[in-house]
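>>> sequence? don't have it. structure:
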């Protein structure tokens, strides 16, 4: 089928740039109407919405701060009100801060790390909880993780790794909880790619690339294709899975 997601409504968090924007495009190309979220990049979000509409689907952007878990129910309510339902949730929004700084570094910004935990972990859980109450049967939830959640590889990523490793367990538990409704819950462990997320230092980046089986930085579209597969009818028997799309970082 050229449009396997025709008639489906998708929400992609952090969809105004990077992997989120690539995923929104991929889902739209498969026929889904797409809502995206953003924190402060209203201009970029508007550009993506216009681009998605040019692909022939309904699209809209919603401003929300994922670190504030109290905003999650409102976000889901707004999406359902604007689109008429929800079939696909892609939890892509995340931040990386203080990369390369070890936990005993006297200059590490603990407040920034705490916000990262709220954005990458508790904020995602809040959105899943809110979405699960209204998602239609046979829906799809795809959480975007990182190979660092399974194999840290270099110093300076303990807190980031913890946020992603925690989502692995939540993904598996949610898959068990929602299976009776035909809703699948999976995780894609993404790898190095060109995005707007704070990059590691050149030395750390070189070390991370050297750890890959495919020694290059990826195109976000490569991982977006994996996410779209998991959101499609073709993945109806895949749930609780952790799929690596990271160039063999975890091989």
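Yes, it's here. For clarity, every value in this text was computed on a predicted model and none was experimentally measured.
>>> which SS state does residue 14 fall under?
coil (DSSP: H, G, I helix; E, B strand; the rest coil).
>>> That one is in contact with residue 24, isn't it?
No - the pair residue 14 / residue 24 is not scored as a contact, 9.8 Å apart, by C-beta atoms under 8 Å. C-beta: built from backbone N, CA, C; applies to glycine.
>>> Low-confidence regions, the stretch 151-251 of the chain specifically.
Applying pLDDT under 70 to the stretch 151-251 of the chain flags the ranges 196-200.
>>> Show me where it has its strands.
Secondary structure of the stretch 151-251 of the chain (DSSP state E, counting those that start in this stretch): strands at 184-190, 242-245.
>>> Equivalent analysis for the stretch 1-150 of the chain, please.
9-12, 33-38, 59-63, 88-91, 140-146.
>>> Kindly reformat these as JSON lines containing mean neighbour count, distance to residue 103 and mean pLDDT.
Below are the strands of the stretch 1-150 of the chain laid out as JSON lines (neighbours: other C-beta atoms under 10 Å; distance: least, C-beta to C-beta, whole Å; pLDDT from 0 to 100):
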{"stretch": "strand 9-12", "mean neighbour count": "30", "distance to residue 103": "32", "mean pLDDT": "98"}
{"stretch": "strand 33-38", "mean neighbour count": "27", "distance to residue 103": "30", "mean pLDDT": "98"}
{"stretch": "strand 59-63", "mean neighbour count": "19", "distance to residue 103": "33", "mean pLDDT": "98"}
{"stretch": "strand 88-91", "mean neighbour count": "28", "distance to residue 103": "26", "mean pLDDT": "98"}
{"stretch": "strand 140-146", "mean neighbour count": "27", "distance to residue 103": "18", "mean pLDDT": "97"}
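>>> So which of those is nearest residue 186?
strand 140-146 (5.6 Å; C-beta to C-beta).
>>> relative orientation of the closest one and strand 184-190 in degrees?
20 degrees (axes from the mean of the first three to the mean of the last three C-alpha atoms, to 10 degrees).
>>> helices or strands next to strand 140-146 in the packing?
Contacts defined by 3 or more C-beta pairs under 8 Å, 6 or more residues apart in numbering; DSSP states H and E place strand 140-146 against strand 88-91, helix 123-132, helix 158-178, strand 184-190, helix 220-231.
>>> Sheet partners, orientation included, of that strand?
Using DSSP bridges, the strands paired with strand 140-146 are strand 88-91 (parallel), strand 184-190 (parallel).
>>> just to revisit the earlier point, mean neighbour count, the strands of the stretch 151-251 of the chain: which tops it?
strand 184-190 (a mean of 26; mean count of other C-beta atoms under 10 Å).
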